[in-house]
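A.B. asks: This is a predicted model, with the sequence first.
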Amino acid sequence: MFKGFTRLLHSPGEHLKSLLDSPESASDAPSPRIIPRSEHPVSRQQISEAALKVLYRLNGAGFDAYLVGGCIRDALLGKMPKDFDVATNATPEQVRDLFRNSRLIGRRFRIVHVRFGREVIEVTTFRGKPQDEHGDHIAHQSDDGLLLRDNVWGNIEEDALRRDFTVNALYYNIADFTIHDFANGARDIESRTLRLIGDPATRYREDPVRMLRAVRFAAKLDFTIEPATEAPMYDLAPLLLQIPPARLFDEVLKLFMSGHGLITFRLLSHYNLFGMLFPEAEEAMADAAWAEELIEQALANTDKRIAEDRPVTPAFLLAAFLWAPVVHRQAELEREGMPAVPALQTAAQQVVSRQLQHTSIPKRFGIPMREIWELQARLPMRRGKRAFQTREHPRFRAAFDLLMLREQAGEIPRGLGDWWESFQKGDDHEQRRLLQKVGSDPASQGDRRRKKRRKSRRANSE
């Protein structure tokens, strides 16, 4: 960080205290600390051309326009911002009229997406206090305090009060390149502290997803959640059950597909949040030590792939998260007399059906996930042409990766994974040698037993 910026962080300031005291009116809202361009490192060179176009067009039309939130936070941390959010005093309809390449989205929070090719700039109108009424714009809350709709427009000071964390209440003014810091966010960035604005319990009740955001930011930014912010999370975790499954699935992607999945998982478990997202996986981890080891190794591998800029898919992680519940249910069905493969298929259907009550799973992920599971029953069956047929399956590689995780976690003995590793890499001669040896492998005896049963049934029918 710039020397002047670091020095400014340690200058006196009382506006955070007044923020946390929840002012009753806009006139009580704290004045921001203005950080001049000479004392902060944020440059227009770090801002995308699309975001600059939005800022300058709004400014040119007579509206205030600020970059806000994560892009400023990341720039102050020395990271290159990726996503750019704009806050303005223009209403959503006024923003839409300025940009033909835009559309209004959302009912709970009305925002405008301005699209430039593949890049989308999110534009929000300054929000006021949820209990205020301005014309027809009224904020609605449930009896539990959940904010159902928040389309009350206000000014920048009120908008700062509606931000979740202090480090996200930083506004970059395109008019003079200053940063307006309403909540000592710059100081918290310097100390790597994550702090909610306002009373934490109230803010979590307004939107329980803020608990997930706290964990995500702490993991992603390597920040410490300050004591008052973390204290209510343990008891308020069940509030996540009020959130629509589709929204929670979006949060799951953000939590685990950002390259910090392992630490995120551990933090979620620490705050009793993981079980609200994946209750059957949580129960399975309590019953079998290998279940947690499998999930942790899957997340570690995914983090490594993301760091290496290699492709990852949510389908594989979901398959890993829910594999132990499938195994448990399959065993129950087999004890009731159902054959192994139908038991696996039925268990998969039942586990997914129950999971959908907590997080949605789009078909583009749900179908591959089930195929990965079903291939676990085919991988031991390698006689004849089966090994070649299995290897050609579109989900073979993901299924093989899950098999290796199962062995590493201690669910099943090692050996089958090594065989498939050699089979994939071997030439024709090596593959024939491996197939000749498979007859003496106990893991392949299921092929022989099934053939004998089929022959027996045909003989009896004759």
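C.D. replies: Yep, it's here.

A.B. asks: The residue lying closest to Asp222 once chain neighbours are set aside - how many residues pack around it?
C.D. replies: With sequence-adjacent residues excluded and distances taken as CB to CB, 6 or more residues apart in numbering, Asp222 is closest to Arg192, at 6.5 Å. (C-beta placed from N, C-alpha, C; glycine too.) Arg192 is flanked by 13 other residues according to other CB atoms under 10 Å.

A.B. asks: repeat for Glu49
C.D. replies: 10.

A.B. asks: returning to what we had before: who are the neighbours in contact with the residue nearest to Asp222?
C.D. replies: Applying CB atoms under 8 Å, 6 or more residues apart in numbering to Arg192 gives the contacts Leu221, Asp222, Phe223, Thr224.

A.B. asks: so the third one makes contact with Phe217?
C.D. replies: Okay, so that is Phe223. Yes: if you go by CB atoms under 8 Å, Phe223 and Phe217 touch, sitting 6.2 Å apart.

A.B. asks: Next, show the common contact partners of these two.
C.D. replies: Common neighbours of Phe223 and Phe217 (CB under 8 Å, 6+ apart) are Val167, Leu194.

A.B. asks: In the stretch 201-350 of the chain, what residue spans correspond to helices?
C.D. replies: With helices called from DSSP state H, counting those that start in this stretch, the stretch 201-350 of the chain shows them at 209-221, 227-230, 233-236, 245-256, 261-270, 274-277, 279-287, 289-307, 314-335, 340-355.

A.B. asks: just how off-centre is the fourth one within its chain?
C.D. replies: Between the centre of helix 245-256 and the centre of its chain there are 5 Å (CA atoms, centre = their mean, to the nearest Å).

A.B. asks: ok, residues contacting it?
C.D. replies: Here helix 245-256 makes contact (CB under 8 Å, 6+ apart) with 209, 212, 215-216, 240, 261, 264-265, 268, 277, 299, 302, 314, 317, 356-362.

A.B. asks: Give me the angle between it and helix 209-221.
C.D. replies: Angle between the axes of helix 245-256 and helix 209-221 is 20 degrees (criterion: axes from the mean of the first three to the mean of the last three CA atoms, to 10 degrees).

A.B. asks: Restricting to C-alpha, output helix 245-256 in PDB.
C.D. replies: Listed next in PDB are the C-alpha coordinates belonging to helix 245-256 (Å, rounded to 0.1, in the frame of the first residue of the first chain):
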ATOM      1  CA  PRO A 245     -32.600 -23.500  -2.400                       C
ATOM      2  CA  ALA A 246     -31.800 -21.800  -5.700                       C
ATOM      3  CA  ARG A 247     -30.100 -18.900  -3.900                       C
ATOM      4  CA  LEU A 248     -28.200 -21.200  -1.600                       C
ATOM      5  CA  PHE A 249     -26.900 -23.200  -4.600                       C
ATOM      6  CA  ASP A 250     -25.500 -20.000  -6.100                       C
ATOM      7  CA  GLU A 251     -23.800 -19.300  -2.700                       C
ATOM      8  CA  VAL A 252     -22.400 -22.900  -2.700                       C
ATOM      9  CA  LEU A 253     -20.700 -22.200  -6.100                       C
ATOM     10  CA  LYS A 254     -19.100 -19.000  -4.700                       C
ATOM     11  CA  LEU A 255     -18.000 -20.800  -1.500                       C
ATOM     12  CA  PHE A 256     -16.400 -23.800  -3.100                       C
END
